[in-house]
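In: Dropping a prediction and its sequence here:
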Amino acid sequence: MKLGRALAIVAITSAGFITPVQAEWNPSRPIRIVVPYPPGGASDVAARSMSDRLGQELGQPVVVENRPGAGGIVGTDLVFRADPDGYTLLLGASDAISIAPHLQPNLTRYEPGEFIPVAPVNQVTTVLVTRSDLGVKTTAELLKLAKDRQLTYASWGNGSLGHVSAEAFRAASKIDLLNVPYQGAAPAAQSVLAGQVDLMFMPGPLWLSFRDRVVSLGVASNTPFEGLPSLTSQGVRTDVVIWQGILAPPNTPMGIVDRLHAAFTKVLEEPQMKERFVKTGSIPLSLSQKAFASMVRADITRWQKGLADLNIKPQ
C-alpha cells in the first residue's frame, strides 16, 4: 500500500490505541473576518491591512465584513453563533470581549470565555485630543477648563476603549466629563472635528489620519507615541491599552484553529506587515495560540476589577 494514496494516516498512541491522524485543514471557499465596528476604525484598519496577504497564504479570498452596533456587541454575537467551521472569524478586541460583558450583561448574549482565540494581531492605545477651537494647548490647560465647566467626550459606546480611557482620565484628574456615545470610533472622531463634542480618546490608527485637525495632548498608555508624551508623565496616571486578535466561534476544531493560527502568524511576522501596523499606529503582537488564549482569559478578569476600581457600573 502506498501511503501517499491513503486518506488518513494511522498512528499508534502511547496508550496503545489506533487513531487516525487528520489531514491538515485547508479552506475550500472564502473566509470572512467580521469587524464589529464601522469602516475606518482601528479594527477595520487592522483587518484590511492583512486580508489580501492572508488570502494568498490560505489559498482562498479573505473578506472583511463590518457589522457595527452596540459598541461591538452585535458583530461579536454574530460570530459567536456562527458555524464553527473556520469560515467566519472575529477581529475581536478588549472592549467587546473583556469589558462590555461586565458593563452590558443584558446585551451581551455571548460568553466571551467560550470563543476560541486563534491569533493575536496587535495592541492599540489612544491619544487624548480636543476640538481645535476649544482654546487649550496642554493637558494642564484642559484640566483647568474642566474645573470651570463640564466637558463632553466622544466614545464608541459604553465599555469601548474610548470610554474606559476617558473614565480612567476622569478618575485620575478628578474632573467631570460627560460621555457622548457613537456607533464607532470613526463617527466619534467626526463629531470632534465638527465641534459637536469637546474631546476624545482617539485610537492611534485613527489619530494618524486626523492629527492635523485636532489638538493632541497626550497618550493614554505609559509608552510615548509619535512624539506625544504619556498622560502619566504629565501628572495624570492613565495606562490603558487594548489587544486586538482573531477569535473563532465556540467548538471550532483545533485542527482548523492550528491551521488558521499558522497562517495569521506567518503573515503578521513578515517585516513588511509589521512595518505596516507600526505606520498605522499599533504595536504588532506575536504569541502562541495557547499564550494568546491565556492572555484573553487574564484580560477578562483584569477588566472586571479595573471597571470596579473606576466605578464604571453595568447598564
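Out: Yep, it's here. Numbers count the residues shown, from 1 in each chain.
In: which regions of the stretch 51-200 of the chain lie under the pLDDT threshold?
Out: For the stretch 51-200 of the chain, not a single residue meets the criterion pLDDT under 70.
In: try 90 this time
Out: 69-72, 95, 100, 102-108, 124-125, 156-161, 183-186 (pLDDT under 90).
In: Surely residue 106 forms part of a helix?
Out: No. Under DSSP: H, G, I helix; E, B strand; the rest coil, residue 106 falls outside any helix and is assigned coil.
In: Give me the phi and psi for it.
Out: Backbone torsions of residue 106, given as degrees, to the nearest 10, read phi -80, psi -20.
In: residues near it, how many?
Out: Residue 106: 7 surrounding residues under other Cβ atoms under 10 Å. (Each C-beta comes from the backbone N, C-alpha and C, glycine too.)
In: With the one 3 residues further on instead?
Out: When counting by other Cβ under 10 Å, one arrives at 12 neighbours for residue 109.
In: residues contacting the residue lying closest to it once chain neighbours are set aside?
Out: Distances taken as Cβ to Cβ, 6 or more residues apart in numbering put residue 77 closest to residue 109, at 5.6 Å, once the chain neighbours are dropped. For residue 77, the contacting residues are 108-110, by Cβ atoms under 8 Å, 6 or more residues apart in numbering.
In: Which strand or helix spans residue 77?
Out: Element membership for residue 77 (DSSP states H and E) is helix 73-80.
In: okay, that helix in PDB with CA atoms only?
Out: Backbone C-alpha positions of helix 73-80 (Å, rounded to 0.1, in the frame of the first residue of the first chain) are rendered in PDB as follows:
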ATOM      1  CA  ILE A  73     -21.600  43.600  20.700                       C
ATOM      2  CA  VAL A  74     -23.700  43.000  17.600                       C
ATOM      3  CA  GLY A  75     -20.900  41.700  15.300                       C
ATOM      4  CA  THR A  76     -19.300  39.800  18.200                       C
ATOM      5  CA  ASP A  77     -22.600  38.000  18.900                       C
ATOM      6  CA  LEU A  78     -22.900  37.100  15.200                       C
ATOM      7  CA  VAL A  79     -19.600  35.300  15.200                       C
ATOM      8  CA  PHE A  80     -20.300  33.600  18.500                       C
END
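In: After it, which helix or strand is next?
Out: strand 88-93.
In: List of residues touching that next one?
Out: Contact partners of strand 88-93, identified using Cβ under 8 Å, 6+ apart, comprise 31-36, 42-43, 46-47, 72, 75-76, 79-80, 82, 115, 118, 121, 124, 161, 242-249, 260.
In: One more: stretch 157-166?
Out: 70-72, 93-96, 99-100, 102-104, 124, 126, 128, 153-156, 177, 179, 181-183, 185, 188, 199-203, 220, 238, 240, 242, 306-307, 310, 312, 315.
In: again, only this time at 7 Å
Out: For stretch 157-166, contacts defined as Cβ atoms under 7 Å, 6 or more residues apart in numbering pick out 70-71, 94-95, 99-100, 103-104, 126, 153-156, 177, 179, 181, 185, 188, 200-201, 203, 220, 240, 242, 312, 315.
In: From the chain's centroid, how far away is it?
Out: Here stretch 157-166 is found 12 Å from its chain centre; the criterion is Cα atoms, centre = their mean, to the nearest Å.
In: export that stretch as PDB, just CAs?
Out: Taking C-alpha atoms only, stretch 157-166 is exported to PDB below (Å, rounded to 0.1, in the frame of the first residue of the first chain):
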ATOM      1  CA  GLY A 157     -20.200  53.100  23.300                       C
ATOM      2  CA  ASN A 158     -20.200  52.000  26.900                       C
ATOM      3  CA  GLY A 159     -17.200  49.800  27.600                       C
ATOM      4  CA  SER A 160     -15.300  50.900  24.500                       C
ATOM      5  CA  LEU A 161     -11.600  51.800  24.600                       C
ATOM      6  CA  GLY A 162     -12.600  55.400  24.200                       C
ATOM      7  CA  HIS A 163     -15.000  55.200  27.100                       C
ATOM      8  CA  VAL A 164     -12.700  53.500  29.600                       C
ATOM      9  CA  SER A 165      -9.700  55.700  28.600                       C
ATOM     10  CA  ALA A 166     -11.800  58.800  29.300                       C
END
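In: where along the stretch 201-315 of the chain do the strands fall?
Out: 214-219, 242-248, 283-284 (DSSP state E, counting those that start in this stretch).
In: looking at these, which is closest to residue 272?
Out: Residue 272 lies closest, by Cβ to Cβ, to one member of the strands of the stretch 201-315 of the chain: strand 283-284, at 11.5 Å.
In: pLDDT averaged over the closest one, what's the number?
Out: For strand 283-284, mean pLDDT rounds to 87.
In: tell me what it is packed against?
Out: Here strand 283-284 touches strand 116-124, going by 3 or more Cβ pairs under 7 Å, 6 or more residues apart in numbering; DSSP states H and E.
In: What strands flank the strand it packs on, and is each parallel or antiparallel?
Out: Pairing partners of strand 116-124, with direction, according to DSSP bridges: strand 242-248 (antiparallel), strand 283-284 (antiparallel).
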